[in-house]
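Peer 1: Fold the following.
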Amino acid sequence: MLIEIKNLNKDYVMGEVSVPALIDINLNIEQNEYVSIMGPSGSGKSTLMNILGCLDTPTSGSFRFRDVDVSTLNDDALSAMRNKEIGFIFQNFNLLPKVNAIQNVEMPLIYAGIKADERKKRAIEALDRVGLTDRMHHKPSELSGGQRQRVAIARALVSKPGILLADEPTGALDSKTGVDIMRLFDELHAEGNTIILITHEHEIANYAHRSIFIKDGSIYWDKMNENTSENKR
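Peer 2: Numbering: from 1, shown residues only. Purely as a prediction, here's the structure:
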């Protein structure tokens, strides 16, 4: 099992009041699953994403990643797990504006202590994988929105993580470019990558093979999608 969550709760303290964000979450995700997590604003999906990304910890319950109890890890171990196991893809790309695509993609490898020659080689391979061979020396300001997101995806791939965790990856893109990015996710999943997609759009969620809907901090439903992107082509 890649991810195993049991009876997980997350509360936030606001003044003297404890506000529940997640309530009794039970969730398993296998290697090479393609899962979307949906829900309205304030539903708890962002909190769950932060926990899955090892950016936050539960108030109670358990979260195991590759059979490791994440709650037992100190800050350094959590940081190492994030860098090695989780490739983050954000709505607004989060690219460094003053460096080119290769240097942006190299960043996780710098934190991992990979030598310069190997970093550059792996960054070029990742950019080639997302179809940006001819734009890898360009800075973000010289790229379109779709190209910037491809750089962000290459950066997520370069460490060969256990999970690609994508937060509204088409939110800053026009609809045609968004479809192109989702087709790229289809290809990455077919190659063996585990993808967890956070979205509020049903059309985007349907690209995943399984959808989870969160409402008021609880899992409202968890089902396999009949209308995946393969059926929509």
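
Peer 1: for residue 73, what are its contacts?
Peer 2: Applying CB atoms under 8 Å, 6 or more residues apart in numbering to residue 73 gives the contacts 54, 81. (Each C-beta comes from the backbone N, C-alpha and C, glycine too.)

Peer 1: List phi and psi for it.
Peer 2: Main-chain torsions, residue 73, degrees, to the nearest 10: phi -90, psi 140.

Peer 1: measure it to residue 56 for me?
Peer 2: For residue 73, the distance to residue 56 (CB to CB, to the nearest Å) stands at 13 Å.

Peer 1: Residue 85 too?
Peer 2: Taking CB to CB, one finds residue 85 at 16 Å from residue 56.

Peer 1: joint contacts of residue 73 and residue 56?
Peer 2: With CB under 8 Å, 6+ apart as the test, residue 73 and residue 56 reach no residue in common.

Peer 1: Need the pLDDT of the residue nearest the centre of the chain.
Peer 2: For the chain, residue 165 is the residue whose C-alpha lies nearest the centre (CA atoms, centre = their mean; 1.0 Å). pLDDT, residue 165: 97.

Peer 1: where's it, which helix or strand?
Peer 2: Following DSSP states H and E, one finds residue 165 within strand 163-167.

Peer 1: how much space between residue 57 and residue 63?
Peer 2: Plainly put, residue 57 is 8 Å away from residue 63 if you go by CB to CB.

Peer 1: Please say which of these two ends up with more neighbours.
Peer 2: When residue 57 and residue 63 are compared on other CB atoms under 10 Å, the one with more neighbours turns out to be residue 63, at 20 against 13.

Peer 1: how deep is the closest residue to that one other than its chain neighbours tucked in, by neighbour count?
Peer 2: In space, and not counting its chain neighbours, residue 63 is closest to residue 70: 4.8 Å by CB to CB, 6 or more residues apart in numbering. Look at residue 70: counted by other CB under 10 Å, it has 20 neighbours.
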